[in-house]
Every structure is written in C-alpha cells, then in structure tokens.
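> Quick one, what's the 3D model for this:
(2 chains)
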Number of protein chains: 2
Amino acid sequence: MNDTLSLLMNHRSVRKYTDQPVAREHLEAIVAAGQMASSSSNVQAYTVIAVTDPDLKNKLSAHAGNQAYIRECPVFLVWCADLSRLKKAAKTHTPDVPSYEGAAENFIVATVDAALASQNAAVAAESLGLGIVYIGGIRNEIEQVSETLGLPDYVYPVFGMCVGYPDPQHGAGLRPRLPLEAVLHMNGYSEEQSERGVEAYDETSVRYITERTGGQRTSSWSEQMAVKLTTPSRMQLRAFLESKGLNKE
Amino acid sequence: MNDTLSLLMNHRSVRKYTDQPVAREHLEAIVAAGQMASSSSNVQAYTVIAVTDPDLKNKLSAHAGNQAYIRECPVFLVWCADLSRLKKAAKTHTPDVPSYEGAAENFIVATVDAALASQNAAVAAESLGLGIVYIGGIRNEIEQVSETLGLPDYVYPVFGMCVGYPDPQHGAGLRPRLPLEAVLHMNGYSEEQSERGVEAYDETSVRYITERTGGQRTSSWSEQMAVKLTTPSRMQLRAFLESKGLNKE
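Down below sits the predicted model:
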C-alpha cells in the first residue's frame, strides 16, 4: 500500500484540537489542492470561506447546533456552491439572453464541484498532519449562516469543515463502513447485494456502537437510518435555495 | 511538499488509456478508499456501479454524448446517490411513520456523499498509477442511463468516471485554475476578491485556450461561462429526480 492509500484508509473525523494555529501557507496549500480537483466544464463553481475570527466562529457554532468544535478549531472552512461568478459572466457577456443558474443541473454541478474540492482539501490537510471533520450542521439555520457570511445570490453553504491539529488525547478509532459488496456493484445495480451487505453491517454496527458507548446505545445501522429518515430535518432548505435563485427549475 | 500533496497538485483528466486492464484488487482498493471518506451521519448514501462489459459501456457512451473514452476505458464507474438503503430501513423498522427521502436536505446529503467517496477514489486511483476523468454526460439521458443500469427508486446517477492506465502518448498539461483569491475568502464573502480573481483568470484562460487550440479558440473563461450558463442543459433533470422520489420537497 502506498502512502496516499494508507492516508485515505486511515481517515477518521477529528473533533478535538491542540492550540497550534494553522499557518497561512498551509491553509493556502490545502485550498490550492482543493482547486486541483476536477470541475464540471471547468466552471469551478465554489467558494470556500475560512473563518478564523473567534466571534464569527461562535456565531456560526450557535447556528449549527452549538457544536463546540466549530468554536474550538483554529480554522473553520465553509464550503459554498457558487454560481454567482457564472451569473455575472452571463450578465456581462450575454445580458439579453436567459440564463439557467436556477436549473437542478447547475445546482448539482455546483454542489458536486464544492464537494470534490473539499475532499481534496481534506486529504491535503491530513497529509500535513491536520485533522478535519465535516459539519452538515451549518444547514440547520442556513439563512442565518448565509447572512452572517454575507453570501450573495446564487451561492449556498453546502457544509462546513473544522481544521486543526488533532489533540492526541482524543484519538478515535476507525469507524467500520458498509461491506464493499453493498456499495460496489458490477455492470448493473444489485438490490440483493445491497441487502446482504446491510444485513452483515447491522451486526457490525451493533457491536461497534455497543462497545463505543459502553452499552448505552445498541441500535443497528438500519435502526439508526430509520430514525434518521423519518425525522424531518432542515425542511426549509428547498425554499431557501429557491430564494437564492437555485434548484428551482 | 509531501507525496500526497504532490499527487493532488498534479491531477489532470485522462481520456486515453493503454490496453492494460484494471485488476480487481485495484478496483476494490479504489472503492474501499472511497468508502473511507466522510459521510453525513454515516448514512453512506451512495452506490458505485463498475461497468466493464463492452456492450454496456457502448450503450452508456451512446447515452452520454458518444464520448469515446467511455467505450475505451477498461472500467467505467457510475457514482450514484442512493437513499434506497435508508428507505428500506425506514420501511422495515418504522413502517407507519412518514419518511423524508424526498427532502432537498437528503438530496444534498446523498449527492455530497457520492462526491466525497468518488474524489477519494480518484485520488486512490491516481496513487496507483491510474488516470481518471469525470463524466457529467451521463446526466444527458439520465432516464435511459438509469434504466440501462437497473437503478431503483431513490437512486440517481450523479456522474461517471473513466478509469484506466494513461496512454503516455496523450499526456495533457495542467489546466490553470482560478487564482486562489477568487475562491478562498477570509471571514466573509468578498465579491470584490471574486471579481478581481476572475479578471486575472480571464487573461490566463485566453492565453491557455489560444495555445491549446493553436489559436482556433480564443475566448476567455467569462465568455465560456456566459455561453455555458445561457445554454439550457439537462432541463429534464428535475422531473426525473422527482420521478425517482428525490429533491421534491
């Protein structure tokens, strides 16, 4: 196994950090690595906002379920899908022609662009000895987060990412994933493989959660997923996206 | 610069491959690395279909703008956002409770999960000496692609990815990206940085495209983006997603 594969295979989310700040050159190297990820037709439809200001981190944390690690990490990155540069280009060069920033297609393009860049950045950060954790919680109060960061139209914050040097006293183990056969299918979708994989994973996940919580939680992955999917979450998102001119046709 | 950073910074899309097949163990290592990417609340809401069957690759190529590299690559990966395992879990464990697989929130979760896994897989593939190119074209005729692959409800193909050993006779240069200042903002969104970055990039992109096409194309990035955003593309996507039970509330 080469060093890069080994790095990828050893990823775990890091939620506790030392006091060491992230050097500006490292932040730039991380985002530059993000930029080298593929981008659909080179649209590069994302912007990342690096939050280092303590007050701003506190505010964002308050809007994202009060997660302490957003306040405590030295750098909090907010990865935004951003079609505003494209919209401006269309306004400048083809002002009298209708444009399609509101199409589901362009919503997917921008969301995926942001995600590919962020994952490259995550890998780059880990290669520099940093740890990260993705934060979906910034979609809890997405309107307030957007206002706090001054996001213009055609931009939305997809997720956050805490970055910092891992506190060695809080190392976490690797979390087991679904068996490969559940997610890798050959030459066509196999519901049978998916189901068999989930059955096996349910057993794994019970053992993992029981051990990790000292027996306080014992639910299987399927049970956890049933709770997750039947709990309404961030239902204002669609209306918010439409208000920003996104995902509406 | 460490080996992983150097790998990330040297990414380019590869569209011509040698005849060397991709060993099953490498395919599995690539997808396993994808699985180690972060996943929102551990939902792992994606499935990847590895297409090696020549007839199937031909069909998919025909549905994706006839791109030759889909036919010619040894393995074509179709990365799908997949909420079907979650839906099944909800049906099994909480059959009488409404579930929210149709929410924009879960659409984003599944799309991002697929993208993070795919980018880890791309990095893993490149670390093994393989080359890749993302294929958005599978969204051209997304309904036919879904039928061809037998995708069930609550699943959609986000993008494809050709994987193979790069043909050394067709090495491409690095494509310049937007200046860092355009995409990395500190403590708040800066339209001014975005605009200044695009201005500089317009000059870079004219030089790059002029050189790359021997003067046949000379348009700036902004001009290309104006054309892109004013060209209706894949406008059936929203209706298709709704028909699959996705992105509808």
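
> Please see if the longest helix along chain A touches chain B.
When chain A is parsed with DSSP state H, its longest helix is helix A:104-127. Yes: using C-beta under 8 Å from any C-beta of the partner chain, helix A:104-127 reaches chain B at A:104-106, A:108-109, A:111-112, A:115-120, A:122-124, A:127. C-beta: built from backbone N, CA, C; applies to glycine.

> For the longest strand seen in chain A, which strands pair with it and how are they oriented?
Taking DSSP state E as the criterion, chain A has its longest strand at strand A:155-164. Sheet pairing of strand A:155-164 (DSSP bridges) gives strand A:75-82 (antiparallel), strand A:131-135 (antiparallel).

> can you redo those strands as CSV with mean pLDDT and mean neighbour count?
Compiled in CSV, the strands paired with strand A:155-164 are given as follows (pLDDT from 0 to 100; neighbours: other C-beta atoms under 10 Å in any protein chain shown):
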stretch, mean pLDDT, mean neighbour count
strand A:75-82, 98, 26
strand A:131-135, 98, 25
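
> A:Ser13 looks like it's in a strand, true?
No: according to DSSP: H, G, I helix; E, B strand; the rest coil, A:Ser13 belongs to no strand; its state is coil.

> okay, the strands paired with strand A:155-164 in JSON lines with distance to B:Ser41 next?
Below are the strands paired with strand A:155-164 laid out as JSON lines (distance: least, C-beta to C-beta, whole Å):
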{"stretch": "strand A:75-82", "distance to B:Ser41": "18"}
{"stretch": "strand A:131-135", "distance to B:Ser41": "10"}
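
> Domain boundaries for chain A, per the record?
A:3-173+A:232-243, A:180-218 (automatic domain parsing).

> and the first one, how far from the chain's centre?
The chain centroid and the centroid of domain A:3-173+A:232-243 are separated by 6 Å under C-alpha atoms, centre = their mean, to the nearest Å.

> right, and A:Leu56 touches B:Asn187 too?
Yes: assessed by C-beta atoms under 8 Å, A:Leu56 is found in contact with B:Asn187 at 5.6 Å.

> what's the distance between the closest residue to A:Asp3 other than its chain neighbours and A:Ala125?
Distances taken as C-beta to C-beta, 6 or more residues apart in numbering or on different chains put B:Asp3 closest to A:Asp3, at 5.2 Å, once the chain neighbours are dropped. B:Asp3 sits 15 Å away from A:Ala125, going by C-beta to C-beta, to the nearest Å.

> quick one: which of these two has more around it?
A:Ala125 (26 against 13; other C-beta atoms under 10 Å in any protein chain shown).

> which residues sit in contact with the more buried one?
A:Ala125 makes contact with A:26, A:30, A:131-132, A:163, according to C-beta atoms under 8 Å, 6 or more residues apart in numbering or on different chains.

> A:Thr210: which of the residues you listed is nearest?
Closest approach to A:Thr210 among the contacts of A:Ala125 (C-beta to C-beta): A:Gly131, at 25.6 Å.

> Let me see the contact set for the closest one.
Neighbouring residues of A:Gly131 by C-beta under 8 Å, 6+ apart: A:12-14, A:17, A:125, A:163-166.

> Quick check: chain neighbours aside, which residue is closest to A:Thr204?
Per C-beta to C-beta, 6+ apart, closest to A:Thr204 is A:Pro176, 5.2 Å.

> hang on, I meant A:Glu72
With C-beta to C-beta, 6+ apart, the residue lying closest to A:Glu72 is A:Tyr17, at 6.1 Å.

> That neighbour contacts A:Pro74, correct?
Yes: counting by C-beta under 8 Å, A:Pro74 is a contact partner of A:Tyr17 at 6.6 Å.

> So for those two, which sits in the more crowded spot?
More neighbours surround A:Tyr17 than the other of A:Tyr17 and A:Pro74, with 23 against 19 (other C-beta under 10 Å).

> Report pLDDT for that one.
Looking at A:Tyr17, its pLDDT is 97.

> for it, what are its contacts?
A:69, A:72-74, A:131, A:162, A:164-167.

> So what does it look like in phi/psi?
Main-chain dihedrals, A:Tyr17, degrees, to the nearest 10: phi -130, psi 160.

> Quick check: closest non-adjacent residue to A:Ile70.
Counting by C-beta to C-beta, 6+ apart, the nearest residue to A:Ile70 once its immediate chain neighbours are dropped is A:Ser61, at 3.9 Å.

> any idea which element that neighbour lies in?
Applying DSSP states H and E as the criterion places A:Ser61 in helix A:54-63.

> So for the longest strand of chain A, what gets flagged as buried?
Under the neighbour-count criterion of 16 or more other C-beta atoms under 10 Å in any protein chain shown, strand A:155-164 has A:155-164 buried.
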